[in-house]
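> just to be clear, the model below is a prediction. Sequence and coordinates:
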Amino acid sequence: MLEMLNVSYMYEDKTIALNNVSIDLKKGKKIGIIGSNGAGKSTLFMNFLGLLKPTKGKIFFDGKELKYDKKTLDNLRKNVGIVFQDPDKQIFFSNVYDDIAFALKNLKYNEEEIKQRVESSIRNTNIAHLRNKPVHFLSYGQKKNVSIAGTVVMDQKIIFFDEPNAGLDYPSKENVKNILNNLTERENKIIVISSHDMNFIYEICDYIYILNKGCILAEGETREIFLRKEILDEAALEEPFLIKIHKYFGKPICKSEKELFY
Ligand SMILES: Nc1ncnc2c1ncn2[C@@H]1O[C@H](COP(=O)(O)OP(=O)(O)OP(=O)(O)O)[C@@H](O)[C@H]1O
């Protein structure tokens, strides 16, 4: 699968954004990468996607060291995708259907397969009502769903989500949560999520890496990590509210609000 070993990354202006980072995406199905502003999350994602090349260290995909020639990168992109935080970075066409179909058309899939895959992606992301809408009429949250559909349609094994719920209202956040759960549970994907919303990460993820000033400060199963207040403080991260309820009100430790109240 996908792994980075002792990766460091330095930008041209000498900023060291990653410092000796090792991450193995076999450790979970929904992996959270958390850290405060500037901790190195986006740089980490771009290294995993082959968009940046580590200054030191190595990336391995399916057991082979990643090379940066076109053929190897094309193969990586067939298997590893990303949904960027800003949907405008990802939407190119004026019509929703065409936008979702774009990458498949580029890869020369036949019309029938394109239709099937686009329709399935539209269903899985709950945007059937938007199918024929011009993209410039869509709200931010609707564009976000279209950008997710445009990635899901590629059927890659591993999908990175950069801040998938930022700027979304409650129903849209719930929709994204369902999409992420379906991707891992029904479609057997591995997803990697970065977010500043600790409640969202706590509820969704099964394994966590904490990045702090470019270094991995801690890694482990979600509950175990979020119970370590000293580590959260060091990384300037908030305790999820379900952890607070457990620690300060003596309630059982629950993974979701539903589990606590119903
Ligand atoms: N193109 C660049 N040139 C120089 N330094 C950069 C560049 N991009 C990012 N950095 C620096 O690298 C460090 C890590 O940035 P990065 O964007 O990866 O962090 P992040 O965890 O994604 O932050 P945020 O949560 O704010 O999005 C920061 O110190 C940032 O200023």
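Great, that's in hand.
> ok, residue 252 touching residue 243?
No. Taking C-beta atoms under 8 Å as the definition, residue 252 is not a contact partner of residue 243, at 11.8 Å. Just so you know, the C-beta spots here come from the backbone N, C-alpha and C atoms, and that holds for glycine as well.
> neighbour count for these two, which is higher?
residue 243 (21 against 9; other C-beta atoms under 10 Å).
> now that one: which helix or strand?
Using DSSP states H and E, the element containing residue 243 is helix 241-249.
> list the buried residues for that helix?
Within helix 241-249, the residues that count as buried by 16 or more other C-beta atoms under 10 Å are 242-243, 245-246.
> and those residues near the ligand, which?
Filtering those for proximity to the ligand by C-beta under 6 Å from any ligand atom leaves nothing.
> any stretches of the stretch 51-200 of the chain with poor pLDDT?
Of all residues in the stretch 51-200 of the chain, none has pLDDT under 70.
> what residues does it put near the ligand?
Residues of the stretch 51-200 of the chain lying near the ligand (C-beta under 6 Å from any ligand atom): none found.
> for the stretch 51-200 of the chain, which segments count as strands?
With DSSP state E, counting those that start in this stretch as the criterion, the stretch 51-200 of the chain has strands at 56-61, 64-65, 80-83, 158-162, 190-194.
> does anything pack onto the last one? Which helices or strands?
In this case it means strand 190-194. Here strand 190-194 touches strand 30-34, helix 41-48, strand 158-162, helix 170-185, going by 3 or more C-beta pairs under 8 Å, 6 or more residues apart in numbering; DSSP states H and E.
> 10 Å - rerun?
Identification of packing neighbours for strand 190-194 by 3 or more C-beta pairs under 10 Å, 6 or more residues apart in numbering; DSSP states H and E yields strand 30-34, helix 41-48, strand 80-83, strand 158-162, helix 170-185, helix 198-204, strand 207-212.
> got the angle between that strand and strand 158-162?
Interaxial angle of strand 190-194 relative to strand 158-162 (axes from the mean of the first three to the mean of the last three C-alpha atoms, to 10 degrees): 10 degrees.
> what's the spacing between the nearest residue to residue 95 once chain neighbours are set aside and residue 123?
Spatial nearest neighbour of residue 95, excluding adjacent residues (C-beta to C-beta, 6 or more residues apart in numbering): residue 134 at 6.1 Å. Separation of residue 134 from residue 123 (C-beta to C-beta, to the nearest Å): 21 Å.
> contact partners for residue 217?
34-35, 39, 209-211, 225, 228, 231-232, 234-235, 237 (C-beta atoms under 10 Å, 6 or more residues apart in numbering).
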